[in-house]
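*Asks:* this one's sequence-less:
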């Protein structure tokens, strides 16, 4: 039998180790407080669900849809960008619906990249930013992100040391897993860099709606000239709590949007039309609901961060995302993120994601997804407190 060469380039899934141990402990009766997967637990706003049900009862909506999204949905995402970011977009040429941002990004890489092309991606980062290019046969150069790093200095160093020159830069802010945020000036420098070096940019903005303490995440497309060099992915997964609905968008550069439109026309018939209709209503009428969802995540963030600090695990409150990126306490740091995550499960009954799963630069960290309610979060803090008091 022949080998499956593309699959062979994928490493073992680091998060599966925690998943298997979590499953084993639960089978043994352990009550695990699970912060491991960024899987929103809050319900989708009722008015969106009601519109889905209404649309699903109409047989005309049961037929094939169009892969790039129904016109009203594409108009709704463009209208949201105008309201939220003051960015003008043409719904016919500069916007396409995707089956979540993950699917869209992966298929866009398939449209853009050839074997041997070079892609710059952050380290640490959400795995699809690395493995979508890998599955296309591209080579990925990792650019470190985090405290004490100058991203543009590292970019310039990588550019000087890389041949062939990169075709694509993938970035994501607010960032998963580090929760790092940027201002508009950052994106303006990204546009300058991309134009100088003639590379494309993909910005994954999955957490645009989950911002706290007065911070507002800018859109990459707000930067002058951004549409000349790249696109942005936006998702309804987090802000609208529509994870299983798989509703995302790619907006920006016409050439790139056209490439994604063309490849998707060969690969899918689009999202179930009632979902698209409900998503349209959500985008047009859902700002108040998004604010309520964001406020719930803020409360959870505060309880988790305050609790961790209280028991001797120093962390900062993130300004955005649904995560807390926590450096492993010093006395456990020698274990690395995988072994420490297993220790948290076994000793504290708390599940987190090991930072190594997001890249080598993440191995001194673990990621909490704030998907447990306040009571369960406080329960987790008590388990962590006992672990912190143990002698190493």
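*Replies:* Alright, I've got the coordinates. Keep in mind the model is a prediction, meaning the values are calculated, not measured. Numbers count the residues shown, from 1 in each chain.
*Asks:* Helices of the stretch 51-200 of the chain, residue ranges please.
*Replies:* All helices of the stretch 51-200 of the chain, identified by DSSP state H, counting those that start in this stretch, fall at 71-85, 100-112, 128-135, 151-161, 184-197.
*Asks:* Residue 337: which of these is closest?
*Replies:* Nearest to residue 337 among those is helix 128-135 (16.9 Å), distances taken as Cβ to Cβ. (C-beta placed from N, C-alpha, C; glycine too.)
*Asks:* pLDDT on that closest one, on average?
*Replies:* Here helix 128-135 scores 95 as its mean pLDDT.
*Asks:* Which residues does that helix contact?
*Replies:* Helix 128-135 is contacted from outside by 6, 9-10, 102, 105-106, 109-110, 113, 117, 119, 121-122, 139-140, 142, 168, 170, 172, 204, 359, using Cβ atoms under 8 Å, 6 or more residues apart in numbering.
*Asks:* what do you get for stretch 181-190?
*Replies:* Outside stretch 181-190, the residues that touch it by Cβ under 8 Å, 6+ apart are 152, 169, 171, 173-175, 201, 203, 211, 215, 217-220, 222-224, 226, 319-320.
*Asks:* Grab the longest helix from the protein for me.
*Replies:* helix 287-310 (DSSP state H).
*Asks:* what distance separates the helix or strand just after that one from the centre of its chain?
*Replies:* Counting by DSSP states H and E, the next helix or strand C-terminal to helix 287-310 is strand 323-327. The chain centre lies 15 Å from the centre of strand 323-327; the measure is Cα atoms, centre = their mean, to the nearest Å.
*Asks:* quick one: strand 323-327 to helix 287-310, angle?
*Replies:* 20 degrees (axes from the mean of the first three to the mean of the last three Cα atoms, to 10 degrees).
*Asks:* so where's the stretch 251-392 of the chain uncertain?
*Replies:* Flagging of the stretch 251-392 of the chain using pLDDT under 70 yields the residue ranges 392.
*Asks:* out of everything not next to it in sequence, what's closest to residue 193?
*Replies:* Nearest in space to residue 193, with sequence neighbours left out and distances taken as Cβ to Cβ, 6 or more residues apart in numbering, is residue 155 at 6.4 Å.
*Asks:* Isn't that neighbour up against residue 192?
*Replies:* No: here residue 155 lies out of contact with residue 192, judged by Cβ atoms under 8 Å, at a distance of 11.2 Å.
*Asks:* Who has more neighbours out of the two?
*Replies:* Counted by other Cβ atoms under 10 Å, residue 155 and residue 192 do not tie: residue 155 has more neighbours, with 20 against 15.
*Asks:* what about the more buried one, distance to residue 372?
*Replies:* Using Cβ to Cβ, to the nearest Å, residue 155 is found at 37 Å from residue 372.
*Asks:* same thing with residue 314?
*Replies:* Distance, residue 314 to residue 372, by Cβ to Cβ: 21 Å.
*Asks:* among the contacts of stretch 181-190, which are in strands?
*Replies:* Counted as lying in strands by DSSP state E, out of those, are 169, 171, 201, 203.
*Asks:* Can you verify my assumption that residue 119 contacts residue 113?
*Replies:* Yes: counting by Cβ under 8 Å, residue 119 touches residue 113, with 6.9 Å between them.
*Asks:* Just put the helices of the stretch 51-200 of the chain in CSV and tack on distance to residue 364.
*Replies:* Shown next, in CSV, are these (distance: least, Cβ to Cβ, whole Å):
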stretch, distance to residue 364
helix 71-85, 35
helix 100-112, 26
helix 128-135, 19
helix 151-161, 18
helix 184-197, 24
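*Asks:* so which of these gets nearest residue 63?
*Replies:* The closest of the helices of the stretch 51-200 of the chain to residue 63 is helix 71-85. By Cβ to Cβ, the value is 15.9 Å.
*Asks:* angle of the closest one against helix 184-197?
*Replies:* Angle of helix 71-85 versus helix 184-197, following the same axes, to 10 degrees, is 110 degrees.
*Asks:* Need the residues that contact helix 71-85.
*Replies:* Contacts of helix 71-85 (Cβ under 8 Å, 6+ apart): 68, 87-92, 94-97, 208, 218-219, 221-222, 234, 249, 251, 276-277, 279-280, 283-284.
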